[in-house]
Every structure is written in C-alpha cells, then in structure tokens.
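A.B. asks: Requesting a structural model of the entry that follows:
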Amino acid sequence: MEEARLKRKGALVRESGSILLVNEEDKAFGVDEVVAYIWSICDGKTIDEVINQFSEVSNIPRDEVREPIINLINKLKSVSLLE
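C.D. replies: This next block holds a predicted model:
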C-alpha cells in the first residue's frame, strides 16, 4: 500500500517580522522558520519524504528528526493546515 501524500492547506503570511500559518477558517498560528519550512515542503510528499528532505537540509540524522516531524505534522493536521 502506498503511503498517503500530504496536502498543504491555508497560507503562510509574513507580517512585521512574524511568520503566521493561516488556515481556511482564518485562524492564524505564529510559527518559527523551521515550522514554516517543514509546512512548505509537505505538499505532495509522504511523511517519509518530508523527514528525509529535512534531515538532508538540516544535517540532522533522520532518526533524530522523525518523531518531532511526525508530531508537528499531526499538530498541523489538527488545526487544518495539512490533510
């Protein structure tokens, strides 16, 4: 069975030095550069592909980023920023 691909929802807004992710219900969430980057690379990728890409870019071993990224993806899903 093929792993599901993530679909990004909402928008990224940079405002007065802040980064916001805004979902389709117009609820905004303040995030840092790392969260914004991870959200931005999720579209059309599997969770494993996101983990691999982030691990490569950050030079942090895959095993160290796997659980935090899965937790972040689940949080983004719970606030309608990913499906």
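A.B. asks: Residue 8 and residue 38 touch, don't they?
C.D. replies: No: with contacts counted by CB atoms under 8 Å, residue 8 stays clear of residue 38, the gap being 10.6 Å. For the C-beta atoms, the positions are set from N, CA and C on the backbone; glycine is no exception.
A.B. asks: Now residue 80. Nearest residue, chain neighbours left out?
C.D. replies: residue 23 (4.4 Å; CB to CB, 6 or more residues apart in numbering).
A.B. asks: what's the lengthiest helix in the chain packed up against?
C.D. replies: Criterion DSSP state H: the longest helix present in the chain is helix 62-78. Contacts defined by 3 or more CB pairs under 8 Å, 6 or more residues apart in numbering; DSSP states H and E place helix 62-78 against helix 33-41, helix 47-58.
A.B. asks: hey, C-alpha coordinates of it in PDB?
C.D. replies: Coordinates of each C-alpha in helix 62-78 appear next as PDB, following Å, rounded to 0.1, in the frame of the first residue of the first chain:
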ATOM      1  CA  ARG A  62      16.900  11.100  10.200                       C
ATOM      2  CA  ASP A  63      16.300   9.200  13.500                       C
ATOM      3  CA  GLU A  64      16.500  12.400  15.500                       C
ATOM      4  CA  VAL A  65      14.000  14.300  13.300                       C
ATOM      5  CA  ARG A  66      11.500  11.600  12.700                       C
ATOM      6  CA  GLU A  67       9.400  11.800  15.900                       C
ATOM      7  CA  PRO A  68       9.400  15.600  16.100                       C
ATOM      8  CA  ILE A  69       8.300  15.900  12.500                       C
ATOM      9  CA  ILE A  70       5.600  13.400  12.800                       C
ATOM     10  CA  ASN A  71       4.300  15.200  15.900                       C
ATOM     11  CA  LEU A  72       4.400  18.500  14.000                       C
ATOM     12  CA  ILE A  73       2.600  17.100  11.000                       C
ATOM     13  CA  ASN A  74      -0.100  15.700  13.400                       C
ATOM     14  CA  LYS A  75      -0.500  19.200  15.000                       C
ATOM     15  CA  LEU A  76      -0.700  20.900  11.600                       C
ATOM     16  CA  LYS A  77      -3.400  18.400  10.600                       C
ATOM     17  CA  SER A  78      -5.300  19.000  13.900                       C
END
